[in-house]
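Novice: Sequence and computational prediction follow.
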Amino acid sequence: MATIIAICRSDKKGTRKEPIPEGLLKEEEGLDNDAHADCNTHRQISLLALESIDKMWELGLELKPGDFAENLTTEGIELVSLPIGTRLTVGDEVLLEISQIGKECHTKCAIYRQVGECIMPTEGVFARVISGGKVKTGDQILEL
């Protein structure tokens, strides 16, 4: 079963996000009160699998959810294998649509500078919020 391990937000772009117990995903905008929420982009919410973070743990880094600036840390779903356009339900209310896999890093993050690589450019996933609502740690994720 795929679940939400953490919901993370930050006040400023370019910083690590801090886990919060629950959040509100706003339709066509993103996570309420997060610096990356934006109705003018297809990258309204970011997701990263705990299985991807494990790869960096194996390099000796001590990391926690939000350290890659992801909004939702997941477990039990292979996000990078989902085609663009895939729809996911999160909890009882939220519907997301995968809009981008990976991203170009214009400035190398602190993790890249530490170990010479980062997983977000290849394994970070972005989505549009089709239908908003509350999300909390432990919510189930279903692929439609």
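Specialist: Everything's here; your move.
Novice: From now on I want contacts and neighbour counts done on CA atoms only, so please keep to that.
Specialist: Noted.
Novice: Pull the residues that contact stretch 125-142.
Specialist: 1-7, 21-30, 42-48, 79-80, 88-91, 93-102 (CA atoms under 8 Å, 6 or more residues apart in numbering).
Novice: And for stretch 72-79, what's in contact with it?
Specialist: Applying CA under 8 Å, 6+ apart, the set of residues contacting stretch 72-79 is 1-8, 45-51, 65-66, 123, 125.
Novice: try 7 Å
Specialist: Applying CA atoms under 7 Å, 6 or more residues apart in numbering, the external contacts of stretch 72-79 come out as 1-8, 46-51, 65, 125.
Novice: so how far is that stretch off the chain centroid?
Specialist: A distance of 9 Å separates the centroid of the chain from that of stretch 72-79, by CA atoms, centre = their mean, to the nearest Å.
Novice: Secondary structure element holding the nearest residue to I4 once chain neighbours are set aside?
Specialist: Residue nearest to I4 in three dimensions, not counting chain neighbours: T74, with 4.6 Å by CA to CA, 6 or more residues apart in numbering. T74 belongs to strand 72-75 when assigned by DSSP states H and E.
Novice: Direction included, what does that strand pair against?
Specialist: Strand pairing for strand 72-75, determined by DSSP bridges: strand 2-9 (antiparallel), strand 45-49 (parallel).
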